[in-house]
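[1] here you go, sequence then predicted model.
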Amino acid sequence: MFVIRFDACVANLPSRPMPVSKKPFGSLRANLRASLFDGAAFGGMVGLGETYLPAFVLAVGLGELTAGLVASLPMVAGGIMQTVSPAAVHLLGSHKRWVVSCAVAQALTFVPLILAAYWGTISAPAVLAVAAVYWGTGLATGPAWNTWIGTIVPPPVRPRFFAFRTRGQQAAVFLGFLAGGLILQSAGTQDQLMRAFAMLFAGAGLCRLVSATVLAVQSEPTPIPPNMRPVPWREMLAHLRRHSGGRLLVYLFAVQAAVQMAGPYFTPFMFEKLHFRYDQFVMLISMSFLSKAFALPIWGRVARRIGARRLLWIGGIGIVPTSACWLVSQQLGWLMVVQLISGAAWAAYELAFFLLFFESIAKEVRTSVLTLYNLINTLAFVGGALLGGAILYASQASYTGYLLAFGLSSALRCLTLLLLARVPAMEVEAREMGFRSVAVRPNHAALDAPVLPSLPDESPTS
């Protein structure tokens, strides 16, 4: 699954230069290869760095609530910062300049984390602020990068190329996460543990700098596409109402809010209540991550046979009980089975949702709608996390409080199926699509963002 030959997806492509660029990486073949390395380096950053931030918060003694909130609350900064991306792109006159600038800024967010690990201390407001800048600079690149990469990769090779890129990034995330867990597990004392975290954050920052470098050497055939225009919020919402995307967004918001009641708090529960070691933590998350990675192409084939809407029902029902299963038993073997089921269910849910939502949207407004989607998604993340945090705060982060949050999360997920039933039938081209893994979470496998150019240019109607 994860053994990728980077040359395989570009072997039969022409090596002639692209018309506009005269830079060393101006050829199509070199651009695609650089994009593959960008995805792998970005995945290394996610696996080594962001994934272990809640564990670092626990290690420096900031408490279980802070560890949960640092994995969710700062994400709203990314959702908000995306709204200024179109203005920033026009100000800079280039999607590439904006993406590279944000990538460098995101890499620099690991510097204060390295220093904090070296000193062995950091305040809760400081770590939340660092995480906010990380998510702000990271998510702000999404819509601009989607537009930019769409001008580089020609339509005939997009399906194969983005499938390879997705698997390469998934491999890098997994290897980074696995290496980080082994490094932390090998630490014997608190001082050694802090040095291990410093190594992880340094490696993550270096990976993002590599990503920024290969982004910088890629060409930009069309800095500002001629048909690019900002889509007003009113026009966007009207478009969603006409194409049934509005009801899908309502369903998404409800699902994410219900999920995040529990999602950010699995890490502190495992470390503080179950007293798991780092290797056990890695083992559990690996189960869901690998399950999701292997299930995605399988679900793509299933979607072609039964349709994306039926697949969304499979995923929507499948994710309902996964958090409540933690109430049944906390034995490692049982939780590994739960994680395997969770990863497969999330793969079905995310693939079907993205296919139904973005393929029903006209190509010229997809990037703008992606900004709206990400904003609503992050607001749901924060709302659900605050609700779960309130439950833990009221229960003084007790064992019972965690189980209550996990159980309520599943109950609310079940209620969201009523919203799914209101989504009308839509005909879309059901197949595998490209993703960018932006985070790894317990019981949620990975947080993925869609690669819009991997979708067909022509959108079906609902």
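    All right, it came through fine.
[2] switch to C-alpha atoms for all contacts and neighbour counts from now on
    Fine.
[3] got phi/psi on residue 323?
    phi -80, psi -40 (degrees, to the nearest 10).
[4] where does the stretch 1-150 of the chain have low pLDDT?
    Residue ranges of the stretch 1-150 of the chain with pLDDT under 70: 1-26.
[5] mind listing the strands for this structure?
    Secondary structure of the chain (DSSP state E): strands located at 435-441, 445-450.
[6] minimum distance to residue 49: which of the ones you listed has it?
    strand 435-441 (9.5 Å; C-alpha to C-alpha).
[7] how far does the closest one sit from its chain's centre?
    Distance of strand 435-441 from its chain centroid, counting by C-alpha atoms, centre = their mean, to the nearest Å, is 3 Å.
[8] what is that strand packed up against?
    helix 28-48, helix 158-185, strand 445-450 (3 or more C-alpha pairs under 8 Å, 6 or more residues apart in numbering; DSSP states H and E).
[9] go again using 10 Å as the cut-off
    With contacts taken as 3 or more C-alpha pairs under 10 Å, 6 or more residues apart in numbering; DSSP states H and E, strand 435-441 sits against helix 28-48, helix 124-139, helix 158-185, helix 278-306, helix 332-358, strand 445-450.
[10] of the ones you listed, which is nearest residue 423?
    The minimum distance between residue 423 and the helices and strands packed on strand 435-441 falls on helix 332-358, with 10.2 Å, by C-alpha to C-alpha.
[11] next, the angle from the closest one to helix 278-306.
    Relative orientation of helix 332-358 versus helix 278-306 (axes from the mean of the first three to the mean of the last three C-alpha atoms, to 10 degrees): 40 degrees.
[12] list the buried ones in helix 332-358?
    With burial defined by 16 or more other C-alpha atoms under 10 Å, the residues of helix 332-358 counted as buried are 335-336, 338-358.
[13] mean neighbour count for the strands of the chain - can I get that in CSV?
    Output for the strands of the chain, formatted as CSV (neighbours: other C-alpha atoms under 10 Å):
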stretch, mean neighbour count
strand 435-441, 21
strand 445-450, 20
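[14] got TSV for those, with mean pLDDT too?
    Converted to TSV, the strands of the chain look like this (pLDDT from 0 to 100):
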stretch	mean pLDDT
strand 435-441	84
strand 445-450	73
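[15] for residue 312, find the nearest of those.
    Closest among the strands of the chain, using C-alpha to C-alpha: strand 445-450, at 15.9 Å.
[16] how about residue 411: what's its closest non-neighbour residue?
    Distances taken as C-alpha to C-alpha, 6 or more residues apart in numbering place residue 320 nearest to residue 411, at 7.5 Å, with adjacent residues excluded.
[17] same question, residue 88
    residue 98 (6.9 Å).
[18] residues contacting the one you found?
    85, 86, 88, 89, 90, 91, 92, 137, 140, 141, 144, 145 (C-alpha atoms under 10 Å, 6 or more residues apart in numbering).
[19] nearest to residue 30 among these?
    Nearest to residue 30 among those, with distances taken as C-alpha to C-alpha, is residue 145, at 17.4 Å.
[20] go ahead and confirm that closest one touches residue 82.
    No: counting by C-alpha atoms under 10 Å, residue 145 does not reach residue 82; the two are 11.7 Å apart.
[21] more neighbours, those two?
    Each of residue 145 and residue 82 has its neighbours counted (other C-alpha atoms under 10 Å); residue 82 has more, 26 against 20.
[22] number of nearby residues for the nearest residue to the more buried one once chain neighbours are set aside?
    Using C-alpha to C-alpha, 6+ apart and skipping the chain neighbours, the partner closest in space to residue 82 is residue 140 (4.4 Å). Residues lying near residue 140 (other C-alpha under 10 Å) number 26.
[23] same check, this time on residue 322
    By other C-alpha under 10 Å, the residues close to residue 322 number 26.
[24] what sits against the residue nearest to it when sequence neighbours are not counted?
    Spatially, and ignoring its direct neighbours in sequence, residue 322 is nearest to residue 342 (6.0 Å; C-alpha to C-alpha, 6+ apart). Residues in contact with residue 342 (C-alpha under 10 Å, 6+ apart) are 287-289, 291-292, 315, 318-323, 336, 442-445.
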